[in-house]
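I need the structure of the sequence given here:
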Amino acid sequence: MEFILPPLALLLVWGIVIYNRLVSDKNRVLQAWSDIDVQLRRRRDLLPKLVDAVNAYAHYERTTLDEITRLRGTAEQSTQPRQLAPLEQAIGSRLHALIAVAEAYPELRASTQYLELLRQLSEVEDQIQFARRFYNGAVRNLNVRIDSFPDLLVARPFGFHPAEFFEVEPALRGAA
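Numbers count the residues shown, from 1 in each chain. So this is what the prediction gives:
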């Protein structure tokens, strides 16, 4: 009995350490997703202002403006990377189209309001990319731990599941 107790105690301590690392990695993923969500909301909050600025000059580009508004509303309803990534990609694509429309209006390109919105949008895009890289790194670490021996012996019984990566191309490249 004396020889069995230390190995069981070591096994229990090992299980606790592994479990705590998994919880830490899972919380890091959740925190990183929260950072992405904040930046995506900042970008979505800038969209109506940008649409209004462009709309003042390009009344006939209603399709692009309406599509951005629709996508923004749909993205606000989504919370999972798998749902949100294609919506954010579509928003980025429509932003490119919106900026292309703006390029046809020299008065708009000279507008300080428009230029400030582009600067803010570019800054938010950079922050989204930083947050996405951090999130995807946290997801990678968690997923490797969940799938690696011996951690999987603790992860699977306690219901840890791999997290989803968030892959989105930057919406603006050199716009500001």
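
what sits against the nearest residue to residue 21 once chain neighbours are set aside?
Of all residues not flanking residue 21 in the chain, residue 145 sits nearest, at 6.7 Å (CB to CB, 6 or more residues apart in numbering). Every residue, glycine included, has its C-beta placed from N, CA and C. By CB atoms under 8 Å, 6 or more residues apart in numbering, residue 145 lies in contact with 21-22, 25, 151, 155.

among those residues, which one sits closest to residue 137?
Nearest to residue 137 out of the contacts of residue 145 is residue 25 (CB to CB; 10.7 Å).

helices and strands around the helix or strand harbouring the closest one, which ones?
According to DSSP states H and E, residue 25 maps onto helix 5-55. Packed against helix 5-55, as judged by 3 or more CB pairs under 8 Å, 6 or more residues apart in numbering; DSSP states H and E, are the following elements: helix 62-77, helix 81-103, helix 112-147, helix 152-155.

pLDDT averaged over it - what is it?
For helix 5-55, mean pLDDT is 89.

distance between it and the chain's centre?
On the basis of CA atoms, centre = their mean, to the nearest Å, helix 5-55 sits 11 Å off its chain's mean C-alpha point.

give me the number of residues near residue 146?
19 (other CB atoms under 10 Å).

what residue lies at the spatial centre of the chain?
residue 36 (3.8 Å; CA atoms, centre = their mean).

so who does it touch?
When contacts are counted by CB under 8 Å, 6+ apart, residue 36 touches 128, 131-132, 135, 166.

just put those residues in JSON lines and tack on pLDDT, distance to residue 103 and neighbour count.
What follows is those, written out as JSON lines (pLDDT from 0 to 100; distance: CB to CB, whole Å; neighbours: other CB atoms under 10 Å):
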{"residue": "128", "pLDDT": "90", "distance to residue 103": "23", "neighbour count": "23"}
{"residue": "131", "pLDDT": "93", "distance to residue 103": "29", "neighbour count": "20"}
{"residue": "132", "pLDDT": "92", "distance to residue 103": "27", "neighbour count": "24"}
{"residue": "135", "pLDDT": "95", "distance to residue 103": "32", "neighbour count": "25"}
{"residue": "166", "pLDDT": "90", "distance to residue 103": "30", "neighbour count": "22"}
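
residue 17: which of these is nearest?
Closest to residue 17, out of all of those and judged by CB to CB, is residue 135, at 24.8 Å.

for the closest residue to residue 153 other than its chain neighbours, give its distance to residue 137.
Distances taken as CB to CB, 6+ apart place residue 18 nearest to residue 153, at 7.8 Å, with adjacent residues excluded. According to CB to CB, to the nearest Å, residue 18 and residue 137 sit 20 Å apart.

so for these two, which residue has more residues nearby?
Ranked by neighbour count (other CB under 10 Å), residue 18 and residue 137 place residue 18 first, with 18 against 13.
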